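Novice: Sequence and predicted model, in that order:
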Amino acid sequence: MMKKLEFRCSFFACLLAFLFFGVSKAETVSVKPIKLNYTVSMEAPELHYLDIRLECEGLRDTQTSFMLPVWSPGYYMILDTPRHIVDFDVMDSSGNKLFWHKKSKNNWVVDNGKQRKIIITYRFFANRKSVAESYIDSEKAFIMPNNVFMHIENQINNPVQVTFEPYKKWTKISTGLNRVKEGTNTFSANNFDTLYDSPVYLGNQLTIDFKHEGKSYSLGIATPEGLNQGKFIADLKKIMSATTAIMKKVPYDHYSYIMMEAGGGGLEHWNSQAIFTNGTFDFKSIEAYTDFLNFVTHEYFHLYNVKAIRPIELGPFDYNKENYTSMLWVSEGFTVYYEYIIMMRAGLLESKEAYKYITESIKRYENIDGSRHMSLSRSSFDIWLNFFNNEGNAKQTTISYYNKGPVIALLLDLEIRNNTHNKKSLDDVMRFLYNEFYEKKGRGFTEAEFWQVSEQTAGKPLDEIKTYVNTVKAVDYQKYLKYAGLQIDLSPMKSVTENDTLIERSFEIKELSETSPLQMEIRKSIFK
């Protein structure tokens, strides 16, 4: 009986060992990633077409679906760029055509059968001038990769290479992507998230490379007339140093500034920023130059706030549809606030100028009817409906988180500083979110987690500020500004409706003549 049991145990032990080691061996056999090599050419740029060639090698299925995003992170609007793709064609390595069909507006399904290598070609009509869309003409090309390059469905993490063949009269390429080899025009990305977040500018722009605090930078300027190169780069360094002093980390080895011709807007990226300029660096006033530096600072701080510190809904991205979140007032609004904070700490903005900028933010949402109909959190969630909303009733029904968001950041900063006797601040919240959620957990934060971190930092509940975010309740500005020895002028300016239902107010921020030591300390800590 005993021997029989021993035999059975021995038999099952061997069987389990076999199964275990068999599975382990199978699991250790790594599946080689599919090789995806793109080539982009542009022989006749005046026609606004990019010619795309994709070589895929190592396909494993008999059918392969290729997807193209329909929106750009940071640009909360469905762009439907697949409509710009024409002449889509597929062949095998011998040049034989392969059958394909469309499954949806942004999904091309190729019947590759046993073919492990295929070649896809198509043209992309690049004639939309914005920071989120691709454009090419006889002078330059701006390529947003998520407009142009397809990924294999459910394989966003596949590495990819792109070779650019610029128009013969162009000599420069500006991008945050890494070159495969110096002297070539071939660039690589570890995955498609990185590729999609790395715009490319080709032309004859001025390019400047420089180093700062152990990191390398490239600056591409399409219209450099009037540029004071030494001062401008020195100011960029001041901005980056002031940002590092707040966040204590620099999450890149290389960063690229892409400054294009005259236009509107800018867009943040992990390894770069792409912004339009006024078409010149011959600024007509100090104020105009300061405004531009504010703009650059805003996009730079987004590297931390929205790329690393982000609402949990914003990544991993679903490029096929809207990605809703009610927390963009933190991502965008707090970034507006920090552009002023960083500029002051960099010595590039005076406190009275910062008062003016914050006053303008308050005016832009308080002096419109929308402030009584839309909450700040709702403005975030509904941005997919209201991005570039030019409807006749927009000001009567909506607000922008760009305006109320920075004011909430100021109130939260003041509350934290006052309750902790200026021992802690909003900086501590931002650093904690960066370290805990981005670095340690590798994810974004939930709304509940954001408030939990903020309340732990403040050492008290923040119910009133939450109410200002989630409702249209009137803000008690005087209460919070007094923490820093400040006051706000709420006197009427003029009626903007016939029945006087809404009165424009000045909202001018002023310093109190008498302040306590704590009030003065808080004011000096924020408004350098």
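Specialist: Everything's here; your move. Numbering: from 1, shown residues only.

Novice: part of a helix, is residue 429?
Specialist: Yes. When DSSP: H, G, I helix; E, B strand; the rest coil is applied, residue 429 is found to be in a helix.

Novice: could we number from 542 for the rest of this?
Specialist: Understood, numbering begins at 542; the last thing we discussed is residue 970.

Novice: Now do the contacts for it.
Specialist: 953, 957, 994, 995, 998 (C-beta atoms under 8 Å, 6 or more residues apart in numbering). In this view, the C-beta of every residue, glycine as well, is placed from N, C-alpha and C.

Novice: Format these as a markdown table; extra columns: distance to residue 640, pLDDT and neighbour count.
Specialist: Putting these into a markdown table (distance: C-beta to C-beta, whole Å; pLDDT from 0 to 100; neighbours: other C-beta atoms under 10 Å) gives the following:
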| residue | distance to residue 640 | pLDDT | neighbour count |
| --- | --- | --- | --- |
| 953 | 58 | 98 | 24 |
| 957 | 62 | 98 | 26 |
| 994 | 54 | 98 | 18 |
| 995 | 56 | 98 | 21 |
| 998 | 59 | 98 | 23 |
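
Novice: just checking, next helix/strand downstream of the helix or strand of the chain with the lowest mean pLDDT?
Specialist: Here the helix or strand of the chain ranked lowest by mean pLDDT, DSSP states H and E is helix 543-569, holding a mean of 41. Using DSSP states H and E, the helix or strand that follows helix 543-569 in sequence is strand 576-582.

Novice: Mind listing the strands that next one pairs with, and their directions?
Specialist: Partners of strand 576-582 in the sheet, by DSSP bridges, are strand 590-598 (antiparallel), strand 701-706 (parallel).

Novice: With distance to residue 638 and mean pLDDT as added columns, please give the ones you listed in JSON lines.
Specialist: Shown next, in JSON lines, are those (distance: least, C-beta to C-beta, whole Å; pLDDT from 0 to 100):
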{"stretch": "strand 590-598", "distance to residue 638": "15", "mean pLDDT": "98"}
{"stretch": "strand 701-706", "distance to residue 638": "24", "mean pLDDT": "98"}
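
Novice: Could you say which one of those strands comes nearest to residue 912?
Specialist: strand 590-598 (43.6 Å; C-beta to C-beta).

Novice: now the helix or strand just after that closest one, how far from the centre of its chain.
Specialist: Next along the chain after strand 590-598, taking DSSP H and E as the criterion, comes strand 604-608. In terms of C-alpha atoms, centre = their mean, to the nearest Å, the centre of strand 604-608 is set 27 Å apart from its chain centre.

Novice: returning to that earlier point: would you list the contacts of residue 970 in CSV and tack on distance to residue 722 and secondary structure?
Specialist: As requested, the contacts of residue 970 are exported to CSV (distance: C-beta to C-beta, whole Å; DSSP: H, G, I helix; E, B strand; the rest coil):
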residue, distance to residue 722, secondary structure
953, 48, helix
957, 49, helix
994, 44, helix
995, 47, helix
998, 47, helix
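
Novice: And those residues, which is closest to residue 772?
Specialist: Nearest to residue 772 among those is residue 953, at 34.2 Å by C-beta to C-beta.

Novice: residues in contact with the closest one?
Specialist: Per C-beta under 8 Å, 6+ apart, neighbours of residue 953: 967, 970, 995, 999, 1003, 1006.

Novice: Which of these sits closest to residue 637?
Specialist: Residue 637 lies nearest to residue 970 out of these, by C-beta to C-beta, at 59.5 Å.

Novice: how close does that closest one sit to residue 943?
Specialist: Distance of residue 970 to residue 943, given as C-beta to C-beta, to the nearest Å: 20 Å.

Novice: what helix or strand does residue 644 sit in?
Specialist: Going by DSSP H and E, residue 644 is in strand 641-645.

Novice: And that strand, how far out from the chain middle?
Specialist: For strand 641-645, the separation from the chain centroid amounts to 31 Å (computed by C-alpha atoms, centre = their mean).

Novice: helices or strands up against it?
Specialist: strand 648-652 (3 or more C-beta pairs under 8 Å, 6 or more residues apart in numbering; DSSP states H and E).

Novice: tell me the angle the next helix or strand after the strand it packs on makes with strand 641-645.
Specialist: For strand 648-652, the succeeding helix or strand toward the C-terminus, using DSSP H and E, is strand 658-666. Inter-element angle recorded for strand 658-666 and strand 641-645: 60 degrees (by axes from the mean of the first three to the mean of the last three C-alpha atoms, to 10 degrees).

Novice: And the contacts of strand 658-666?
Specialist: Taking C-beta under 8 Å, 6+ apart as the rule, strand 658-666 contacts 589-600, 605, 607, 625-634, 639, 651, 653, 675, 688-689, 691.

Novice: can we see that at 6 Å?
Specialist: Defining contact as C-beta atoms under 6 Å, 6 or more residues apart in numbering, one finds that strand 658-666 is touched by 589-598, 625-634, 653, 689.

Novice: Give the burial count for residue 662, as a bare number.
Specialist: 15 (other C-beta atoms under 10 Å).

Novice: what's the spacing between it and residue 858?
Specialist: Residue 662 is 27 Å from residue 858, by C-beta to C-beta.

Novice: Please apply the same query to residue 728.
Specialist: As judged by C-beta to C-beta, residue 728 and residue 858 stand 21 Å apart.

Novice: Among those two, which residue is more densely surrounded?
Specialist: Comparing residue 728 with residue 858 by neighbour count (other C-beta under 10 Å), the higher total belongs to residue 728, at 22 against 18.

Novice: Point me to the helix or strand that includes residue 1008.
Specialist: helix 1004-1011.

Novice: for residue 789, what are its contacts?
Specialist: Contacts of residue 789 by C-beta under 6 Å, 6+ apart: none found.
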